[in-house]
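Participant: predicted model, plus sequence, below.
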Amino acid sequence: MLEEPEYRRHRQEEEEEQQKDRFFIIRQILNICFMIGAVVGVLLYILGSKSLGMYVVLIAMVIKFSESALRMMNIRK
């Protein structure tokens with residue numbers, strides 16, 4: 001059997017990698033928002049209003065769930 005030339009394999013691997021990480025930047029931004037929201041929410045819960053801290057943490061969790069959904073969509077393809 002004939003093997004594909006090296007340059008063709010390399011180009012296909014690059015295209016697959018780019019396709020695989022098409023949500024990478026969005027996921028990183030969502031992760032940063034989640035981490036900031038979680039820290040701020042915990043600090044608010046401990047140092048200030050417990051109900052406001054709880055709401056901030058819940059919003060951060062929604063952000064994390066959306067990031068996880070993007071990751072799952074990326075795995076299936």
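Facilitator: Nice, I can see it.
Participant: for whichever strand or helix holds Gly53, packing partners?
Facilitator: Using DSSP states H and E, Gly53 sits in helix 50-76. Contacts defined by 3 or more C-beta pairs under 8 Å, 6 or more residues apart in numbering; DSSP states H and E place helix 50-76 against helix 24-47. Where C-beta positions appear, they are placed from N, C-alpha and C, glycine not excepted.
Participant: helices or strands up against the helix it packs on?
Facilitator: helix 50-76.
Participant: okay, now Lys50: neighbour count?
Facilitator: Neighbours of Lys50 under the rule other C-beta atoms under 10 Å: 10.
Participant: ignore what I typed, I meant Val56.
Facilitator: 21.
Participant: give the burial count for the closest residue to it other than its chain neighbours, as a bare number.
Facilitator: Excluding its sequence neighbours, the residue lying closest to Val56 (C-beta to C-beta, 6 or more residues apart in numbering) is Gly41, at 3.4 Å. For Gly41, the neighbour count with other C-beta under 10 Å is 20.
Participant: Provide a list of residues in contact with Gly41.
Facilitator: Gly53, Met54, Tyr55, Val56, Val57, Leu58, Ile59, Ala60 (C-beta atoms under 8 Å, 6 or more residues apart in numbering).
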